[in-house]
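# Quick check, what structure comes out for this input:
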Amino acid sequence: MAPKKHKRKVALAYSGGLDTSVIVKWLQENLNADVVAVCVNVGQSEDLRAHAVRAREMGAEVHVIDAVHEFATDYIMPALRANLLYGGSYPAGTALARHLICEKVVQVAKMTGASALAHGCTAKGNDQVRFEASFAVLAPELEVIAPIRIWAPSREEEMEYAASHGIRIPFAMSDPPYSIDENLWGRSIEGGNLEDPLVEPPEDVFLWTSGPDEMPNEPSIVTVDFEHGTPVSVDGRQMRPVELVYYLNTLAGRHGIGRIDHIEDRVIGIKAREVYEYPAAVALLAAHKALEKLTLSKDVLDFKLHAEQTYAQLVYGGKWFTTLRKGIQTLVDELQQPVTGDVKMKLYKGNCTVIGLSSPNSLYDSGLATFGTEDAFDHAAADGFLKLYTLPLKACAKAGAVKADEYIHPRPHAKAKSAGD
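Just a heads-up that it's a prediction; the model follows:
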C-alpha cells in the first residue's frame, strides 16, 4: 500500500465569492491541502458569517478578521493625506484594501503554521500583482499558489464545478454579469456590457450614489474639520475615521457625488474600462486639496504633486510595503502639519463645491491680495522684480536663441488701410 501523500496547509485569502469558494475544494482535491480560509472585513456589506459557514462546510479552517477600523485609520487616512488618485481619477480603494488583506492572511498563515499562501486572482487583473508583491515582502519564505491562473476556468465551468461538488454559491448564472468589489472607501463595478466604452453605465450598477432623478432639489452644506491633514469632525461633531467615512458616503452619495467612469491602465499593461462609486473620497479629497492650497507654500504644493503621482503608482501597483512608499508617506505627513482648519462644501446635483475655508495657518493675506483701498502691496517693488525676472529672456532673445519672428505672424487676411480710410 502506497504511503499517503503528506498534507500541506495553505492560507487562502477568502472573499466568499465564486472564485475563492471553488478554490477551497480545488486546493483540497488537487494539492491534498488543509485550507485555512482568511476572510477580512474591510467595510464590505456582505455577510461574512455566511461566507465562513460555506467554507467550513467544505472542511476549511476559517478565520474572520474585523479590520475595518484599521483600514480606515492606517490605510485610508494616510492615502487621503497623500491625495491618492491613480490616473488622476481613481482613489484606489481596492488596491489599499488588498494590502491590508494580505497582511492579515500572512499573520494567520504564520499563526497556524501554513506552508503556502493562495489567492483567487485572475491572470489579467491587478490584484494578482498586489497579492504576490505583498506576500513577497511579508512572507518571502512561503510559496504562493494562484489556482485560477493554473486552472483558468470560465465562469460557466466554475459554476458547474461548484454544482458537482455541492458548493453553495450565493448567486445564480442569471445574475448581472458584473464583477463588483466593495469596501469602506469605495465600490468598483466592471465586466458585462461595461467593457464597451460606448455603453453608458446603467443605473442598476450604482448602489451608493443617487441618479439624476433621485438627487435632492436642495443642497447640503457641510463643514469638515481637518487636523494635520486628517478629517476629524463634520459640522462640529467629532468622528472616528470609520464613522466619518460612512457618514459622508451616505450624505455625498445621496447627492450623486462620487461616480467615476474612466479608462484605466492596469499594471500588466492593458487598458480597462472601470466604473466606481467613491462619495466620501471625492468629497474629502476636494476639501483636503483646497485646505492644502490655503496652508502650504507654492514650492511645497509643486513638490508634493510629484510625490503624490509616485505614491499613486506604488499603491496601485501593489507596493504599499516598500521603503519608497513608506518614505513618501513620512514626507507627506511632515508636510501636513500646517494643514489644519475648516472646509465648507456644498453638495448638490453630483457636484461637490468648496465654498469656504478657514485655518489658523492660512498663508492668504487679504491686505496683499486686495485691489481695494486696504492694499498693502508695494507696487513700486514690481519694477525691480520684473527687470530681474525678464533678464534671462532678453539675453536669449539678443543671442538669437529665441527668434521673435517665429512667433509673430501677420494675419493672413489683414489688409493695410490707407490714411484716407
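
# where does this protein dip in pLDDT?
Where the chain drops to pLDDT under 70, the residues are 1-6, 170-176, 366-370, 372-377, 410-421.

# Which parts of it are helices?
Remark: helices assigned in the chain by DSSP state H are 18-31, 48-57, 68-71, 77-81, 93-112, 127-138, 147-151, 155-164, 241-254, 279-295, 298-316, 323-335, 366-369, 381-399.

# by contact count, what packs against the fourth one?
The one in question is helix 77-81. Packing partners of helix 77-81 (3 or more Cβ pairs under 8 Å, 6 or more residues apart in numbering; DSSP states H and E): strand 230-234, helix 279-295, helix 323-335. Every residue, glycine included, has its C-beta placed from N, CA and C.

# Mean neighbour count, the ones you listed: which tops it?
helix 279-295 (a mean of 23; mean count of other Cβ atoms under 10 Å).

# how far does that helix sit from the chain's center?
The chain centre lies 15 Å from the centre of helix 279-295; the measure is Cα atoms, centre = their mean, to the nearest Å.

# packing partners for it?
Helix 279-295 sits against helix 77-81, strand 220-227, strand 230-234, helix 241-254, helix 298-316, strand 341-348, strand 351-358, with contacts defined as 3+ Cβ pairs under 8 Å, 6+ apart.

# angle of the longest one against helix 323-335?
Inter-element angle recorded for helix 298-316 and helix 323-335: 140 degrees (by axes from the mean of the first three to the mean of the last three Cα atoms, to 10 degrees).

# hmm, who's touching helix 298-316?
For helix 298-316, contacts defined as Cβ atoms under 8 Å, 6 or more residues apart in numbering pick out 79, 82-87, 90, 92, 95-96, 99, 126, 267, 292-293, 296, 320, 322, 324-325, 328-329, 331-332, 335.

# Show me how far that helix is from its chain's centre.
14 Å.

# With the fourth one instead?
Average the C-alpha atoms of helix 241-254, do the same for its chain, and the two points are 16 Å apart (Cα atoms, centre = their mean).

# Give me the buried positions along it.
Pro241, Val242, Leu244, Val245, Tyr246, Tyr247, Leu248, Asn249, Leu251, Ala252, Gly253, Arg254 (16 or more other Cβ atoms under 10 Å).

# now, among the residues you listed, which is nearest to Val24?
Among the buried residues of helix 241-254, Val242 lies closest to Val24 (Cβ to Cβ), at 29.7 Å.

# Tell me how far the closest one lies from Asn183.
Applying Cβ to Cβ, to the nearest Å, the value for Val242 to Asn183 is 11 Å.

# about what we covered before: tell me which of the helices and strands packed on helix 77-81 approaches Gln44 most closely.
Closest among those, once you apply Cβ to Cβ, is helix 279-295, at 15.2 Å.

# Give me the angle between the closest one and strand 351-358.
Using the same axes, to 10 degrees: helix 279-295 against strand 351-358 is 40 degrees.

# Let's see helix 279-295 as CSV, backbone CA atoms only.
C-alpha atoms of helix 279-295 as CSV (Å, rounded to 0.1, in the frame of the first residue of the first chain):
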residue,chain,number,x,y,z
PRO,A,279,-18.8,59.6,-2.5
ALA,A,280,-16.8,60.3,0.7
ALA,A,281,-13.5,60.0,-1.1
VAL,A,282,-14.4,62.5,-3.7
ALA,A,283,-15.7,65.0,-1.1
LEU,A,284,-12.8,64.6,1.3
LEU,A,285,-10.2,64.8,-1.5
ALA,A,286,-11.8,68.1,-2.7
ALA,A,287,-11.8,69.5,0.8
HIS,A,288,-8.3,68.4,1.6
LYS,A,289,-6.8,69.8,-1.6
ALA,A,290,-8.5,73.1,-1.0
LEU,A,291,-7.1,73.4,2.5
GLU,A,292,-3.7,72.5,1.3
LYS,A,293,-3.8,75.4,-1.1
LEU,A,294,-4.6,77.7,1.7
THR,A,295,-1.9,76.4,4.1
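
# quick one: it to helix 241-254, angle?
100 degrees.

# So what sits opposite the residue lying closest to Ala67 once chain neighbours are set aside in the bridge?
In space, and not counting its chain neighbours, Ala67 is closest to Val40: 5.3 Å by Cβ to Cβ, 6 or more residues apart in numbering. Beta-bridge partners of Val40, counted by DSSP bridges, are Ile65.

# number of nearby residues for Val40?
Per other Cβ atoms under 10 Å, the neighbour tally for Val40 reads 27.

# got the contact list for Val10?
Counting by Cβ under 8 Å, 6+ apart, Val10 has contacts Leu27, Leu31, Ala33, Asp34, Val35, Val36, Ala114, Ser115, Ala116, Leu117, Ala118, Ile145.

# got a winner among those residues for most neighbours?
In terms of neighbour count, Ala118 stands highest of those at 32 neighbours, by other Cβ under 10 Å.

# unless I'm mixing things up, Ile270 is touching Lys124, no?
Yes - counting by Cβ atoms under 8 Å, Lys124 is a contact partner of Ile270 at 7.0 Å.

# hmm, back to that, return the distance of the residue nearest to Ala67 relative to Gln309.
Relative to Gln309, and taking Cβ to Cβ, Val40 is found at 29 Å.

# Contact partners for the residue nearest to Ala252 when sequence neighbours are not counted?
With sequence-adjacent residues excluded and distances taken as Cβ to Cβ, 6+ apart, Ala252 is closest to Pro279, at 3.7 Å. The neighbours of Pro279, taking Cβ under 8 Å, 6+ apart as the test, are Trp208, Thr209, Leu248, Asn249, Thr250, Leu251, Ala252, Gly253, Ile257, Gly258.

# Pull the most distant pair out of the residues you listed.
Most distant of those, by Cβ to Cβ, are Thr209 and Leu248, 12.3 Å apart.

# Can you add distance to Ala401 and give the buried residues of helix 241-254 back as JSON lines?
Formatted as JSON lines, these follow (distance: Cβ to Cβ, whole Å):
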{"residue": "Pro241", "distance to Ala401": "54"}
{"residue": "Val242", "distance to Ala401": "58"}
{"residue": "Leu244", "distance to Ala401": "54"}
{"residue": "Val245", "distance to Ala401": "54"}
{"residue": "Tyr246", "distance to Ala401": "59"}
{"residue": "Tyr247", "distance to Ala401": "58"}
{"residue": "Leu248", "distance to Ala401": "53"}
{"residue": "Asn249", "distance to Ala401": "55"}
{"residue": "Leu251", "distance to Ala401": "56"}
{"residue": "Ala252", "distance to Ala401": "51"}
{"residue": "Gly253", "distance to Ala401": "55"}
{"residue": "Arg254", "distance to Ala401": "58"}
